[in-house]
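>>> sharing a model that was predicted from the sequence below.
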Number of protein chains: 2
Amino acid sequence: MPKQVDHDQRRTEIATAAWQLIAEHGVDAATMRAISDSMGMANGALKHYFPNKNAIIRTAFTRIFDNTNARISARLGDATGLDGLRIFCQEVMPAEEVTKLEARVVLPFWQRALADADLESVYRGAMDVWRKQIRKFLRAGRAAGTIRTPVSDKVIVEQLLAILNGVQTLALLTPETTTPRLQRQMIDVFLNGLTENPAG
Amino acid sequence: MPKQVDHDQRRTEIATAAWQLIAEHGVDAATMRAISDSMGMANGALKHYFPNKNAIIRTAFTRIFDNTNARISARLGDATGLDGLRIFCQEVMPAEEVTKLEARVVLPFWQRALADADLESVYRGAMDVWRKQIRKFLRAGRAAGTIRTPVSDKVIVEQLLAILNGVQTLALLTPETTTPRLQRQMIDVFLNGLTENPAG
């Protein structure tokens, strides 16, 4: 079915172009016209693939989420527990060029998800995937005896997810303070805390 | 100078109207026209006070930031150290109606700050005020012997700030998981961790 393949390929190209426009110039500058212009296609043709901007932003976010998870999988190998958590965090936090660009799409995505039930459900699904992934690492670390904290997994998962969401904002908007080095320290200290059990 | 007073009063009223429109209907619905309509004023008159939407959003964010800090001050009394930190966090995290409404303005503010140097500098200033405030509490807690962690204040400040930023997104977009109860547990566990020194 070559036609379907072309169609999917085109959608991917458009999502990539939109992703780059948003990251470089902001979500407001990435109008439907700017996206179609950057693709050298007619505005009407773009609407054939994506009826509106939220549809594009949904695809751009999904693409970024998939890319992040693919990088995590590729690096994980047999790593799990604390090592798995560290790799996971490193591929999410905006300490490198690719993750910084991703964060520039994630912030506008949040804002739009506030007013769009479809985008909100995409975000909810993504966070649930990550909650499960983090819990899996925590269980493995507890089984291996490297994670010894008495704090419940539920609270740890949500703290880590909040740090990983919050550091997107801080790293983009206060980069002179929230440096890559400080981001790594924040994660290292957090993970180190999981190894400790004050009760002995 | 009654004229200046009227002018300031009007600016405050407009910022409040904008704040509520954004919180209730989203930043895209809060157009200059919607704001002037909700005030029963002409669009041209609105522009006399605020030349564009970013100017309104700047004022709305500043107002929210000031309100939050005023609530913190009012509750603090003589509290400092861990008690001070707890009050500070409780007035920032979106676990109650007022803080949830505030978060609905904060998320669009972040997104716009990505593409506007003036808004970015407002956010940078706000975070620096909070970093100093958190550091002050940490120093007092260490002096009182209640904060015993060997982790540096710099890392603790940034972790807490990331949690407080990240929980805005999580509480608004995944409220069924990131409940007020879980938010409080996240903060309690974090603060409790500061009291511990594994080295004894």
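That came through fine. Residues are numbered from 1 along each chain as shown, chains lettered A, B, ... in the order given.

>>> which one is the one residue sitting closest to the centre of chain A nearest to, not counting chain neighbours?
By C-alpha atoms, centre = their mean, chain A has its centre lying nearest to A:Phe65, at 4.7 Å. Here the nearest residue to A:Phe65 in space, its sequence neighbours aside, is A:Ala126; by C-beta to C-beta, 6 or more residues apart in numbering or on different chains that works out to 5.1 Å. (Each C-beta comes from the backbone N, C-alpha and C, glycine too.)

>>> test my guess that that neighbour contacts A:Arg63.
No - if you go by C-beta atoms under 8 Å, A:Ala126 and A:Arg63 don't touch, sitting 11.7 Å apart.

>>> show me the shaky parts of chain A.
Residue ranges of chain A with pLDDT under 70: A:1-5, A:200.

>>> which residues of it fall in helices?
In order along the chain, chain A carries the following helices (DSSP state H): A:2-25, A:32-39, A:43-49, A:53-76, A:81-92, A:97-113, A:117-144, A:153-173, A:180-194.

>>> for the longest one, enumerate the helices and strands it packs against.
Spelled out, it's helix A:117-144. In terms of contacts (3 or more C-beta pairs under 8 Å, 6 or more residues apart in numbering or on different chains; DSSP states H and E), helix A:117-144 is packed against helix A:53-76, helix A:81-92, helix A:97-113, helix A:153-173, helix B:153-173.

>>> could you export the ones you listed as a markdown table, including distance to B:His25?
Listed next are the helices and strands packed on helix A:117-144 as a markdown table, based on distance: least, C-beta to C-beta, whole Å:
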| stretch | distance to B:His25 |
| --- | --- |
| helix A:53-76 | 16 |
| helix A:81-92 | 31 |
| helix A:97-113 | 13 |
| helix A:153-173 | 23 |
| helix B:153-173 | 14 |
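
>>> of these, which is nearest B:Leu46?
helix A:97-113 (22.6 Å; C-beta to C-beta).

>>> ranking the helices of chain A by burial, who's on top?
The highest mean neighbour count among the helices of chain A, using mean count of other C-beta atoms under 10 Å in any protein chain shown, belongs to helix A:153-173: a mean of 24.

>>> may I have it as PDB, with CA atoms only?
What follows is helix A:153-173, C-alpha atoms only, in PDB (Å, rounded to 0.1, in the frame of the first residue of the first chain):
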ATOM      1  CA  ASP A 153       7.100   3.900  45.800                       C
ATOM      2  CA  LYS A 154       4.000   6.000  45.100                       C
ATOM      3  CA  VAL A 155       5.500   9.100  46.700                       C
ATOM      4  CA  ILE A 156       9.000   8.500  45.100                       C
ATOM      5  CA  VAL A 157       7.400   8.200  41.700                       C
ATOM      6  CA  GLU A 158       5.600  11.400  42.000                       C
ATOM      7  CA  GLN A 159       8.500  13.300  43.500                       C
ATOM      8  CA  LEU A 160      10.800  12.200  40.600                       C
ATOM      9  CA  LEU A 161       8.200  13.000  38.000                       C
ATOM     10  CA  ALA A 162       7.700  16.500  39.500                       C
ATOM     11  CA  ILE A 163      11.500  17.100  39.500                       C
ATOM     12  CA  LEU A 164      11.700  15.900  35.900                       C
ATOM     13  CA  ASN A 165       8.800  18.100  34.800                       C
ATOM     14  CA  GLY A 166       9.900  21.100  36.900                       C
ATOM     15  CA  VAL A 167      13.500  21.000  35.700                       C
ATOM     16  CA  GLN A 168      12.200  21.500  32.100                       C
ATOM     17  CA  THR A 169      10.900  24.900  33.100                       C
ATOM     18  CA  LEU A 170      13.900  25.900  35.200                       C
ATOM     19  CA  ALA A 171      16.600  24.700  32.700                       C
ATOM     20  CA  LEU A 172      14.900  26.600  29.900                       C
ATOM     21  CA  LEU A 173      14.100  29.800  31.800                       C
END
